[in-house]
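> Fold the following.
(2 chains)
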Amino acid sequence: MTTLTTALAPGSAPARAEASYAGRRRRKLIVAALVFSGLAALPYGIRDVYLQNVLILTLMYAALSQSWNILGGYCGQVSLGHALYFGFGAYATSVLFVNYGVLPWFGMLAGGALSAVVALILGYPCFRLAGHYFSIATIVIAEIGLLLVHNWEFVGGAMGIQWPFNPDSWWTLQFARDKVPYVHFAVGFLAVVWFVTWLIEGSRWGYWWRAVKDDAQAAESLGVEVFRSKMAAAAVSAFFTAIGGGFYAAYVSYIDPESVMSFRFSLLFALPAVLGGIGTLWGPLVGAAILIPLTEISRSYLGGSGNGLDLMLYGVLVMVVALARPEGVLSLFRRTRKARNEEATP
Amino acid sequence: MTTQALVQVLASGLLMGLIYALIAVGLSLIFGLMDVVNFAHGEFLMLAMYATFGLVLVTRLDPVVLMPLVAALLFMLGAAAYMGVVRFAMRAKANQGMVQIFATFGLAILLQGAAQYLFTPDYRNVQDTWLGGRTLELGGIFLPWPQIFGAVVSLAAFGGLHLLMSRTDFGRALEATREDQGAVALVGIDRNRVFALGWGLGAALVGLAGAVLAIFYYIHPQVGASFALIAYVTVALGGFGSVGGALVAGIIVGLVEAFTAVILPPALKSVGVYALYLAVVFARPQGLFGRL
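A predicted model of the protein is given here:
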């Protein structure tokens, strides 16, 4: 309760703490600018195409995990059905581009808007469900979406959609000869999602969401509009997940239902956040930086013949991390900072 | 639809539904005991199918005879999963719900990988079984013997479970632990032991289901995933933790699936089940027989 009340009333803190709070938030922004610039420069140092691919996937999953984190980490609603929105983004972008020639940029936004609306419609009944009932409902809804897309001929059915080959261009987001532009798009995408999360963290919504996560009933009694909080978080989260889906479709230039909407994607969005630290600005990036290279590299070196060794390693990793660091890898650093703060304030 | 066709769909749905109930009940039992959803439940089922396949190859005995052995193996797997993984997940102070999801999910991936490593991703089936491929014809209604056998095993398992829960010391300890985990420690019940045995029991039940499924279903490393989702739906439909709910919900799921397959293309047969699940939990968030 104490965390809740202080979280809801940031203005009541002493002026000095207020100033240091604003300073800390500004510092986060500067650190982020440095980190993202560094990431954008990385592909010039790494010329290996395979490693660039790993980098792109890592950045993409970091952004997608941050999108999931907005609903799952900040607002505490553990969705295991975000593959639905990822699929919407991928399909909206692909159908609009391949069938109607609409540039992927607009297709992504359309997919994002569609996903946000769908998230609001689905949120209406789903947010009445608690805990496991909510999580399983999200799995089931995503699975229905997968089955329907599978059998919907207009979007290619089980065959999927193949993007045509075009000359390299930022307009169509197609780069056959060089992966560096994809790295830059992924960094930009991650930076935008990060920045929106940063904005939310300091806004009224951010405080509301964390209050809902900590104790929805107590939050309600203090005047937090719990239902509206969840709806808003779901819409923002779904929007960015769909943008990621659109990017993924442009990057791999071929999609089918299984390759963009299967359950494993829902988990892949949640895992980096859980691994790095849910409800934090850097958790998803840290988690993705550990998880994605490990799975990609172990898949190429261990699982080449589908022998399952890479899966075994991945499974053990997921278990060990979940058990050893329930608060995520980032908590290793936070503990030392908290200890320092406690020493500093008498 | 003729009466005969209607009876055929009803009977097939009922038989499959009882098997779904048997797949789901272990999951529900464990949840009722300690509020944990086992995300490796489908992989337990998959391993039971492989165990049946492997034992048939080695011993040349019929899968029906090997069933108790498969159940015993799964009992050990379940107890080991609790002692080796879940026990530690229960200790997490932060994000306990997510730690449980991802700890058991990591176990699921590990087991899937192990199955792929040991048995390759090829599709297998148990050949030369006494029941396999046989069908009972009753006045124009066709019922496969493996499913009939599965339904009987399921009913027997539910009966046995009921007796176990109501008549034995272990059952009473289980029930007491469900009611109040703190209080049982005061009367000298070792909570850890009850949990481990509960996990063993839940896994043994899904082991029976796997041995039944192995008689008439293809076996591959991902086979658990498709049944797992049906099992979660069944458990949530019946109400998490309710053993009777799992039985009723399993039958409903089987019937709805059978009817959906008649109305919609076969590929969409699960849509009816999922839609029903959503309709029920939206109207009654705790499931049919669950407590909030």
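
> Find the closest residue to chain A in the stretch 151-292 of chain B.
Relative to chain A, the nearest point of the stretch 151-292 of chain B is B:Phe282 (4.3 Å; Cβ to the nearest Cβ). All C-beta spots, glycine's among them, are computed from the backbone N, C-alpha and C.

> Give me the contact list for the helix or strand that residue falls within.
Following DSSP states H and E, one finds B:Phe282 within helix B:269-283. Taking contacts as Cβ atoms under 8 Å, 6 or more residues apart in numbering or on different chains, the residues outside helix B:269-283 that touch it are A:125, A:128-129, A:133, A:137, A:140-141, A:143-144, A:147-148, B:229-230, B:233, B:236-237, B:252-253, B:256-257, B:259-261, B:263-264, B:287-288.

> So which of those residues are in helices?
Judged by DSSP state H, helices contain the following of those: A:125, A:133, A:137, A:140-141, A:143-144, A:147-148, B:229-230, B:233, B:236-237, B:252-253, B:256-257, B:259-261, B:263.

> Please indicate which of these are buried?
Buried by 16 or more other Cβ atoms under 10 Å in any protein chain shown: A:125, A:133, A:137, A:140-141, A:143-144, A:147, B:229-230, B:233, B:236-237, B:252-253, B:256-257, B:259-261, out of those.

> Could you list the low-pLDDT ranges of the chain?
In the absence of a named chain, chain A is used. A:1-18, A:303-306, A:334-346 (pLDDT under 70).

> You answered for a different chain; I wanted chain B.
B:291-292.

> And the helices in it?
Under DSSP H, chain B gives helices at B:3-34, B:41-59, B:63-81, B:87-89, B:96-119, B:145-167, B:169-179, B:181-186, B:191-216, B:223-238, B:243-263, B:269-283.

> Between these, which one is closest to A:Gly73.
Closest of those to A:Gly73 is helix B:96-119, at 9.4 Å (criterion: Cβ to Cβ).

> burial count for residue 204?
Because you didn't say which chain, this covers chain A. By other Cβ atoms under 10 Å in any protein chain shown, the residues close to A:Arg204 number 12.

> sorry, should have said chain B
For B:Ala204, using other Cβ under 10 Å, the count is 24.

> show me the contacts for it.
B:Gly26, B:Ala71, B:Ala72, B:Leu74, B:Phe75, B:Gly78.

> hang on, the fourth one packs against B:Leu201?
No: counting by Cβ atoms under 8 Å, B:Leu74 stays clear of B:Leu201, with 9.9 Å between them.

> With neighbour numbers in mind, choose between those two.
B:Leu74 (28 against 25).

> so which strand or helix has the residue nearest to A:Ala113 when sequence neighbours are not counted?
Taking Cβ to Cβ, 6 or more residues apart in numbering or on different chains, and ignoring the residues beside it in sequence, A:Ala113 has A:Phe239 as its nearest neighbour in space, at 7.2 Å. A:Phe239 is located in helix A:226-252, with elements delineated by DSSP H and E.

> got the buried residues for that helix?
A:226, A:229-251.

> about what we covered before: figure out which of the helices of chain B is closest to A:Pro257.
Here helix B:269-283 is closest among those (Cβ to Cβ), at 13.9 Å.

> Would you mind putting the CA coordinates of the closest one into CSV?
The C-alpha atoms that make up helix B:269-283 are tabulated as CSV, following Å, rounded to 0.1, in the frame of the first residue of the first chain:
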residue,chain,number,x,y,z
LYS,B,269,-13.4,-28.3,-35.5
SER,B,270,-11.7,-26.6,-32.5
VAL,B,271,-13.2,-23.2,-33.2
GLY,B,272,-16.5,-24.4,-31.6
VAL,B,273,-14.8,-25.5,-28.5
TYR,B,274,-12.8,-22.3,-28.1
ALA,B,275,-15.9,-20.1,-28.8
LEU,B,276,-17.9,-22.1,-26.2
TYR,B,277,-15.0,-21.6,-23.7
LEU,B,278,-15.0,-17.9,-24.3
ALA,B,279,-18.8,-17.7,-24.0
VAL,B,280,-18.8,-19.5,-20.7
VAL,B,281,-16.0,-17.6,-19.0
PHE,B,282,-17.3,-14.3,-20.2
ALA,B,283,-20.6,-15.1,-18.6
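
> Now do the contacts for the residue nearest to A:Ala113.
A:Ser67, A:Gly112, A:Ala113, A:Ser115, A:Ala116, A:Ala119.

> next one: B:Tyr20
B:Ile230, B:Ala231, B:Thr234, B:Gly250, B:Ile251, B:Val253, B:Gly254.

> unless I'm mixing things up, the first one is touching B:Val253, no?
Same thing as B:Ile230. Yes: assessed by Cβ under 8 Å, B:Ile230 is found in contact with B:Val253 at 6.4 Å.

> about what we covered before: what about the residue nearest to A:Ala113, distance to chain B?
According to Cβ to the nearest Cβ, to the nearest Å, A:Phe239 and chain B sit 23 Å apart.

> okay, now A:Leu294: neighbour count?
Neighbourhood size, A:Leu294 [other Cβ under 10 Å]: 15.

> That one: helix or strand, and which one exactly?
Going by DSSP H and E, A:Leu294 is part of helix A:283-301.

> Give the buried residues for whichever helix or strand comes after that helix.
Scanning forward in sequence from helix A:283-301 by DSSP H and E, the next helix or strand is helix A:309-324. Across helix A:309-324, burial judged by 16+ other Cβ under 10 Å covers A:309-315, A:317-319, A:321-323.

> likewise stretch B:144-152?
Quick answer for stretch B:144-152 (16+ other Cβ under 10 Å): B:Pro144, B:Trp145, B:Pro146, B:Gln147, B:Ile148, B:Phe149, B:Gly150, B:Ala151.

> what helices or strands is the lengthiest helix in chain A leaning on?
The longest helix of chain A (DSSP H) is helix A:15-45. Under the contact criterion of 3 or more Cβ pairs under 8 Å, 6 or more residues apart in numbering or on different chains; DSSP states H and E, helix A:15-45 touches helix A:49-69, helix A:180-202.

> Please tell me how far the longest one is from the chain's geometric centre.
This points to helix A:180-202. Relative to its parent chain, helix A:180-202 has a centroid offset of 10 Å by Cα atoms, centre = their mean, to the nearest Å.

> Can you name the residues in contact with it?
Taking Cβ under 8 Å, 6+ apart as the rule, helix A:180-202 contacts A:25, A:28-29, A:32, A:36, A:39-40, A:42-44, A:52, A:55-56, A:59-60, A:62-63, A:66-67, A:69-70, A:74, A:168, A:170, A:173, A:175, A:206, A:209, A:236, A:240, A:243-244, A:247, A:251, A:281, A:285.

> Same check on stretch A:287-299?
Identification of contacts with stretch A:287-299 by Cβ under 8 Å, 6+ apart yields A:53-54, A:57-59, A:61-62, A:65, A:271-277, A:309-310, A:313-314, A:317, A:328-329.
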